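Q: Just a sequence and a predicted model for now, questions to come.
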Number of protein chains: 4
Amino acid sequence: MIPRYSRPDMVAIWSPETKFRIWFEIEAHACDALAKAGVIPERAAQVIWEKAGSATFDVERIDAIERETKHDVIAFLTHLAEIVGPEARFVHQGMTSSDVLDTCLAVQLSRAADILLADLDALLAALKTRAFEHKDTVTIGRSHGIHAEPTTFGLKLAQAYAEFERCKCRLEAARADIATCAISGAVGTFANIDPAIEAHVAEAMGLTAEPVSTQVIPRDRHAMFFATLGVIASSVERLAVEIRHLQRTEVLEAEEYFAPGQKGSSAMPHKRNPVLTENLTGLARMVRGYVTPALENVALWHERDISHSSVERMIGPDATITLDFALARLTGVIEKLVVYPDAMTANMNRFRGLIHSQRVLLALTQAGVSREDAYRLVQRNAMKVWEQGKDFLTELLADDDVRAHLGEDEIRDKFDLGYHTKHVDTIFERVFGES
Amino acid sequence: MIPRYSRPDMVAIWSPETKFRIWFEIEAHACDALAKAGVIPERAAQVIWEKAGSATFDVERIDAIERETKHDVIAFLTHLAEIVGPEARFVHQGMTSSDVLDTCLAVQLSRAADILLADLDALLAALKTRAFEHKDTVTIGRSHGIHAEPTTFGLKLAQAYAEFERCKCRLEAARADIATCAISGAVGTFANIDPAIEAHVAEAMGLTAEPVSTQVIPRDRHAMFFATLGVIASSVERLAVEIRHLQRTEVLEAEEYFAPGQKGSSAMPHKRNPVLTENLTGLARMVRGYVTPALENVALWHERDISHSSVERMIGPDATITLDFALARLTGVIEKLVVYPDAMTANMNRFRGLIHSQRVLLALTQAGVSREDAYRLVQRNAMKVWEQGKDFLTELLADDDVRAHLGEDEIRDKFDLGYHTKHVDTIFERVFGES
Amino acid sequence: MIPRYSRPDMVAIWSPETKFRIWFEIEAHACDALAKAGVIPERAAQVIWEKAGSATFDVERIDAIERETKHDVIAFLTHLAEIVGPEARFVHQGMTSSDVLDTCLAVQLSRAADILLADLDALLAALKTRAFEHKDTVTIGRSHGIHAEPTTFGLKLAQAYAEFERCKCRLEAARADIATCAISGAVGTFANIDPAIEAHVAEAMGLTAEPVSTQVIPRDRHAMFFATLGVIASSVERLAVEIRHLQRTEVLEAEEYFAPGQKGSSAMPHKRNPVLTENLTGLARMVRGYVTPALENVALWHERDISHSSVERMIGPDATITLDFALARLTGVIEKLVVYPDAMTANMNRFRGLIHSQRVLLALTQAGVSREDAYRLVQRNAMKVWEQGKDFLTELLADDDVRAHLGEDEIRDKFDLGYHTKHVDTIFERVFGES
Amino acid sequence: MIPRYSRPDMVAIWSPETKFRIWFEIEAHACDALAKAGVIPERAAQVIWEKAGSATFDVERIDAIERETKHDVIAFLTHLAEIVGPEARFVHQGMTSSDVLDTCLAVQLSRAADILLADLDALLAALKTRAFEHKDTVTIGRSHGIHAEPTTFGLKLAQAYAEFERCKCRLEAARADIATCAISGAVGTFANIDPAIEAHVAEAMGLTAEPVSTQVIPRDRHAMFFATLGVIASSVERLAVEIRHLQRTEVLEAEEYFAPGQKGSSAMPHKRNPVLTENLTGLARMVRGYVTPALENVALWHERDISHSSVERMIGPDATITLDFALARLTGVIEKLVVYPDAMTANMNRFRGLIHSQRVLLALTQAGVSREDAYRLVQRNAMKVWEQGKDFLTELLADDDVRAHLGEDEIRDKFDLGYHTKHVDTIFERVFGES
């Protein structure tokens, strides 16, 4: 995580202040349940809320205690006792550190997921707006970077919309996977604490109870969460790469918004570079890079070892903050993307007619030519366009072997652009439920 | 994929014979729909099924054609024409290669997922059986590899059961994600083929129609699929590592079944090594290793480039075959695992009484001692056990500061094992729905 | 590893036949040394070479024995005894399986490295030839996909040459790292076998003796080897991506050779796609994907566990075969690359004059204009070219503020292409030692 | 990077202050060379050093300018102009931003490598000291976690020493790979700046000149650097895992130093956990996780795109800071490691005599028994020890088939521990050059 690629709401989730506040809430809710169960005095639970419910925890003081005890939860509890007084001895009864740490992480990751889901909603909204705006903006579709057949710019954005809607579904599933609470004691047996306490805390913190924990919440949940972020980042990269291609000098069908005052190059004043989407490409690499450490975290030893902890202290913030930033940046890019329909048309017509080669091929086969012969006939004329700059329609009309099977009108009819866009509404209906 | 780590059913999914059979079915079903739509003659669709419906495609012949055309689908279609005759010219009308390739991959991955789901069912069954068998087999729980508090071996297996049940849910979601059909033409616009054809083929092949494709089915779907396999493999590793630990010479609480005639070492005849679970650890690394290439496959250029293809030709088989083998091997290990309850008891009692330290700590705090003081009192006696081999109960009873707050019976009561297993039924109910 | 992406020499290194042959050589050389040391009869060592020195080992028979013993080296030794007779009992004296397995792997990886080094030599030769051919072929340099300043196509290839020369150095270092022999017994103490045996076998097999082994050769060596392959694969990808960009329809400055008879698309006969370099992009992902499993293999437990074995059985062949294929394919692409200098010129001149913006900027500052003012002056005219299609030179000549500092000749002088290529010889000298 | 896992010297390398200081030095040294070449006035170069040579750059001011210009180098140059005055217009003549950025990164990574090399020296020193201290401390060697044959604890540390010495060599090579300077202009042609400037700056900054750059220093260099860090981190993990195993309750042959006042568990006062080495295991996962993004950075588009930048802004600090912290922590663990030779002996003797099984096997074969028969004889007795707790020596002496070939003294002789340590000096000589 570095400030350059961070947004404050997501950063706040990972601050020590937020963490200690969540720790407190977990402990205090547990005290409520313990009091209700008669394990600790009701008054103790009340005092804890009264004295610390709106307190600000002193991060530096807790850090100082931790430097001595080398244990973060004990440091926090010691500081809490300084605030609460004698009733503090009832806090953390029968619990183990991981009960607090893991449940806190579940809260943090759930909140992070909520921000990311909102990010996805904003991105989806931007994509939808621009998709409808350019629903009928014809542009060339490309496979292998080579002109294929016409499509529309709106369809490109519809594809991205569908992809990020899938990403949203996956993230919702990953959020549910991660949002569990464990208050089950040293090895998960509830030996020193009743399962009812866990149930109470879970509900109070907006989580579900972990069906079976060891000392910790099992890390396959977290692995799935970070793997899902890696998939989303890869979808971010896909759209970013599309824009980078469209902005190339030779293509220039679309361009990132270039603010007045912005400088593209210290040396070359004319340059307007797709730096935002290039940046997104790099950020995607980072979020993907966090997936494998999360996967390696699953195989903890026995009921737990703490090797996962350093990984999560880093990738918890790093992955969520980076992806949040990336999604927001991508949304901005889409919202403000400068689209050049004229350039799209000009590029498409660069090899005039060649994009209609398949239609001619089909027409020939339907006129009774074998597929192999039709392919050779079409390719023969296509190569003249490609290599000698000829016009495809003219060449076809002049090819006796073609004309033996197709009349002039039939051939001309194959060069109609509307043919390619006739199902755009159908696809929009599928993707957006409207067209 | 190597034979040593392969099982035939999964291997068969990836054979050229299977692939060509699926290609044929896609093309033939498409012909049915094309005939129904009046695009090609009804008789043509019938002839295709009649002549090739039960044909065996000649893999070597197709390969030979591909060496000339350098295009696999064209090679197949050429061979199909050799079998079907003139009606073959109606095959593949308006379709593009990716329509066939991607829909075929969807079928293969779906079938692979079905095998893996069955593997998970078998593993879950084995885990459940052994979990109930050892529901009350008390063993020491360990955090950081250090004795913590008692648990039961059944609980360890229940944890694994819950984890693999989550894996199953994730795989079902990933299967649904991957099981789409695209018959949408060169850039996904249905220019040359009606969406109805796609709908027909999708249903015939047990897939859903891809809402919006480019030339290809978007690769975020596949990324999610392989990422899910990586998570499952990591869960395999977790259970494998648990068994490796339990089989260590100094622990030896459980052991992989050792067949008569098996040799552990060419040099040391006494050795019985956890080679199956070590092997699973390695296989997990491989399946995880395939995740990143799948993620990198998402950002194809424009409507598609073919960089994903080589990756999928390799990880399609490699990831599914390896995980299938790993799950089956793990199931066998669990089914035949030799468990030593006596050794579990002996290990647990190694530092007699120390595992009850927390209970004493809690009793002291409940007797009015501050948490900090209680911690110091308990640790002082615990360290004597640890460092001097003393008996924890004896030391506590002889500690005047402890006795000032707790009577002998109270102290002895904290050494009851049943205390730790009283919620096992509750957890089993949560995990298995029965106990 | 799949046949489609394999070449026979590299595949042969990983065949069972080769493996058993190497095993035999290790054992037989060890017998020579053991005989010389008086541990076993000299005659025994001779008999072993005589009877099995040119024998073909029966892979199926060995596999059959392994199915019973579940141990591959014991299976081999049993089969060897069938060939050699009673003297076979002197084979493998004091050795452990890993002595054979790890030393064999070192031989295989060294041989694989030799092929890869030869591949790199061939690639370097192709790059050098084409670099000199196009040393002075002026083309536009691009940053961010946007035109920057002129360079030459030869310089692009010189860059690739320098990069692959670095790759060669790295691979030589990785080869040296991997080429060690361990014949040190069950835990590396030489308890049952004298270090002299190891020294003899090492020399005979072209390896160096491992200074300290455990049971195995330490896996940091292998990790470094596979990490190096991952770096080389990434350099392959870089050059592949360059060519893919150059072949785009809108750029089309270079093209993969397109064989007569080759078909680019089943649907679109006009297409000529950069499928080889796209394929290389995918293969690079795979070779990179093998790096992390190799890194995870380092942390074996104690003196060894066997988790690395399954990984190496897969990535040993997969990584070396795939990279060998990729390097050879890339060499072919470079050798036959069709270069279009005219298209390079045409593209460069697309925004006539804009590429000279920096020179004008510098001239203005040298004429006393502040950097900030000069930047604004140049950008103001550049934007007219960019947005309105004006000619940069014309605009500058007509800009009074510019003309206040620069005369017409001075301005025209800044549009000389030779200015940009004057140091090409210097760079070629640096890279090739000649120009 | 998070403070918890950071050390100040490495953090300082990555501060904005350090970065701007290096930027200044690059620019100022370039001015010196430009002045010497007569491109800019000699006085200008002097003024730049005089006015800014010991200036503190105002990070907040530069950030503020960057927020407007959206370009970091321009922001810095603007601020530099505020300090230097009119002569600032001679700064950065003919250079491009990447000349500064990439050369700066080379300086930072070189300095980071120097710290890491010093870390490795400290670790090597600690390993050597403890290795000699425990050269003759006999302990059981384990393969698969199962007792194999005796070794010494010193040998374990010697192995680690040799491994980290290899790591040091690799890091020295990676440092050399990364330590290049590029001052070659917008596309690396030196169009606007003479190669002599680059040569001067390279020497002044302790770098070598990049033979051929594009706009940037090629990223295969950086990929190799970060891959090397990933290998080193994996070696850190290996030693960490060894210590974690040795500290397990059932093994307890060595233990991380446990400071007075430190608390192992909030719930269980008796616990002393290997938290430092578990932490190192997690940190190793992180450093490995940065390798793939670095590899993906290699394939930049054309002469450069900026996707690598965000990755390097993150992994530059993150990887070096984390590895620096990990190496220092590991050194501390080794220096203070508490070793329990008595426990090593006790564990070794747990299955009395079984560790000598191979010696008996060899003796039998040397007495004329076939290898297969000898294996069966030894295994038969070994299994009685394993399964029934018998004494291996006693059983062998009582086995008539064994006794038919070996006398009592011969058998007893095979149980001599000295047999296993006789080559320790040889190995120490190999590793340390002394014994």
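A: Done, it's in. Note that this is a predicted model, so its numbers are computed, not measured.
Q: beta partners of A:Val138?
A: Here A:Val138 sits in beta bridges with A:Thr152, going by DSSP bridges.
Q: quick one: it and A:Tyr419 touch, right?
A: No - counting by Cβ atoms under 8 Å, A:Val138 stays clear of A:Tyr419, with 11.2 Å between them. No exception for glycine: its C-beta is placed from N, CA and C like everyone else's.
Q: Settle it for me: which of these two has more neighbours?
A: For the pair A:Val138 and A:Tyr419, the greater number of neighbours falls to A:Val138 (21 against 16), based on other Cβ atoms under 10 Å in any protein chain shown.
Q: ranges for the strands of the stretch 51-200 of chain A?
A: A:138-143, A:146-152, A:180-181 (DSSP state E, counting those that start in this stretch).
Q: Including distance to B:Phe132, could the ones you listed go into a markdown table?
A: Below are the strands of the stretch 51-200 of chain A laid out as a markdown table (distance: least, Cβ to Cβ, whole Å):
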| stretch | distance to B:Phe132 |
| --- | --- |
| strand A:138-143 | 56 |
| strand A:146-152 | 58 |
| strand A:180-181 | 24 |
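Q: Can you add distance to C:Met286 and mean pLDDT and give these back as TSV?
A: Output for those, formatted as TSV (distance: least, Cβ to Cβ, whole Å; pLDDT from 0 to 100):
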stretch	distance to C:Met286	mean pLDDT
strand A:138-143	22	96
strand A:146-152	24	93
strand A:180-181	36	98
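Q: nearest to B:Lys19, of these?
A: Closest to B:Lys19 of the strands of the stretch 51-200 of chain A is strand A:138-143 (Cβ to Cβ; 21.5 Å).
Q: If you count contacts, what does that closest one end up packed against?
A: strand A:146-152, helix A:153-178, helix A:341-348 (3 or more Cβ pairs under 8 Å, 6 or more residues apart in numbering or on different chains; DSSP states H and E).
Q: the domain parsing of chain A - what is it?
A: Residue ranges for each domain of chain A read A:1-93, A:95-345, A:354-414, as given by automatic domain parsing.
Q: Residues of the stretch 1-150 of chain A that sit close to chain B?
A: Counting by Cβ under 8 Å from any Cβ of the partner chain, the residues of the stretch 1-150 of chain A close to chain B are A:77-78, A:81, A:86, A:88-90, A:92-94, A:141-145, A:148-150.
Q: which residue is nearest the centroid of chain A?
A: Nearest to the mean C-alpha position of chain A, by Cα atoms, centre = their mean, lies A:Ile232 at 3.2 Å.
Q: Tell me who's in contact with the nearest residue to it once chain neighbours are set aside.
A: In space, and not counting its chain neighbours, A:Ile232 is closest to A:Cys167: 4.6 Å by Cβ to Cβ, 6 or more residues apart in numbering or on different chains. For A:Cys167, the contact set (Cβ atoms under 8 Å, 6 or more residues apart in numbering or on different chains) comprises A:Leu120, A:Val231, A:Ile232, A:Ser235, B:Asp220.
Q: Which of those fall within helices?
A: Within these, residues falling in helices by DSSP state H are A:Leu120, A:Val231, A:Ile232, A:Ser235, B:Asp220.
Q: Going by neighbour count, which of these comes out on top?
A: Using other Cβ under 10 Å as the neighbour test, the ones in helices among the contacts of A:Cys167 are led by A:Val231, with 32 neighbours.
Q: From C:Ala284, how far out is that residue?
A: Counting by Cβ to Cβ, to the nearest Å, the gap from A:Val231 to C:Ala284 is 20 Å.
Q: what's the answer for A:Ile197, then?
A: A:Ile197 sits 53 Å away from C:Ala284, taking Cβ to Cβ as the criterion.
Q: who's more crowded, those two?
A: Shown here are A:Ile197 and C:Ala284; by other Cβ under 10 Å, C:Ala284 has more neighbours (32 against 26).
Q: what about the helix or strand where the more buried one lies, distance to the chain center?
A: Using DSSP states H and E, C:Ala284 maps to helix C:275-289. Relative to the centre of its chain, helix C:275-289 is centred 12 Å away, using Cα atoms, centre = their mean, to the nearest Å.
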